[in-house]
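Q: Using only what follows, build the 3D model:
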Amino acid sequence: LTLRASIGEGFRAPTLDLITQQTAFSAEAVNDPQTCAAFGGTPAQCANPATQIQVDSFSIANPRLGSETSRQWSLGAVWDATDWLNIKADYYNIEITDAINAIGPQDLVDRNLGLDPRPIPPGLSVTRDPATGAITRLVFGFVNEGVITTDGIDVEINTDFDFGDVGSLRNRLFYSWVNSYEIDDGLDVTEFIDFRGQPQSRANLETVYSISDFEFGWNVEYIAKQDAGTVVTPSWITHDLQATWKAPWNGRLSVGVLNIENELP
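A: Modelled structure (predicted):
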């Protein structure tokens, strides 16, 4: 049994392109029901989250962008329970101040529609036609946005079984549970767990069976349901398969299928 702990500080400076680049025009595709309707979309089409319309967009630099700083600490344990079972568990706590965030076109639209509760930062904007409500101009870029605090638990369970002449079996289970993911934008403190893109838990199970010069792998990935606001993303499970031949010339030949069921979020 091993007990471990760590504490640290860090910083990340913005890259030069984020503070000096010239304004660039593009026609970004976004999902926005009002713009869709103004372009002649049917109510069913405009209600579909997959429907996107291109709008005039401008990417701008932010010469006032500063460095983000962080403080973090963790506590954990590693237990070699038997010669075939190993368990690791860690609790982490991280605080990031003046976080550097990319606010993209869809992020701005989501904030404008209230799907994302955070305000639109100064200098960025969504401009709409007063008659139709359609988006006529987007301005997006990078900002230092508040304080991010997050904590959670990471667990890893490893098993190794040796069956002698009939091969061996290895399993690796990774599980991550996020207790909190809060952003303080200076006005409000918002909990983002279960908002789109912030699932509370994830898991990954890797299984590898080896016999002679062959290995057969099966990988299962799980992302928990995200249910907050008006957008619900169901839980998502994907399966990957792979077979590997260890060649006599010290090489490896692998063939596999990612997401064998073609599962989409």
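Q: And the next helix or strand past the longest helix seen in the chain?
A: Longest helix in the chain by number of residues (criterion: DSSP state H): helix 105-113. Remark: after helix 105-113, the chain's next helix or strand is strand 125-128, criterion DSSP states H and E.
Q: Okay, now the sheet partners of that next one, with direction.
A: If you go by DSSP bridges, strand 125-128 pairs up with strand 135-144 (antiparallel).
Q: The strand it pairs with to helix 105-113, inter-axis angle?
A: Per axes from the mean of the first three to the mean of the last three CA atoms, to 10 degrees, the angle that strand 135-144 makes with helix 105-113 is 100 degrees.
Q: Leaving out the residues flanking it, which one is nearest to S180?
A: Nearest non-adjacent residue to S180, counting by CB to CB, 6 or more residues apart in numbering: D151, 5.7 Å away. Bear in mind the C-beta positions are built from the backbone N, C-alpha and C, glycine included.
Q: Provide a list of residues in contact with H239.
A: 218-220, 259-261, 263 (CB atoms under 8 Å, 6 or more residues apart in numbering).
Q: is it fair to say it lies in a strand?
A: Yes - counting by DSSP: H, G, I helix; E, B strand; the rest coil, H239 falls inside a strand.
Q: Against F161, how distant is it?
A: 22 Å (CB to CB, to the nearest Å).
Q: Name the residue most distant from the centre of this structure?
A: D165 (42.0 Å; CA atoms, centre = their mean).
Q: My reading is that it is in a helix; is that accurate?
A: Yes - assigned with three-state DSSP, D165 falls within a helix.
Q: And it, how far from A243?
A: For D165 relative to A243 (CB to CB), the value is 20 Å.
Q: With E191 instead?
A: Counting by CB to CB, the gap from E191 to A243 is 44 Å.
Q: Using ChimeraX, make a named selection holding only the buried ones among the contacts of H239.
A: In ChimeraX, this line selects whichever of the contacts of H239 come out buried by 16 or more other CB atoms under 10 Å:
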select :219
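Q: can I get the contacts of H239 in a markdown table with pLDDT, secondary structure and distance to T136?
A: Shown next, in a markdown table, are the contacts of H239 (pLDDT from 0 to 100; DSSP: H, G, I helix; E, B strand; the rest coil; distance: CB to CB, whole Å):
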| residue | pLDDT | secondary structure | distance to T136 |
| --- | --- | --- | --- |
| W218 | 98 | strand | 50 |
| N219 | 98 | strand | 46 |
| V220 | 98 | strand | 46 |
| N259 | 97 | coil | 38 |
| I260 | 96 | coil | 44 |
| E261 | 94 | coil | 41 |
| E263 | 90 | coil | 37 |
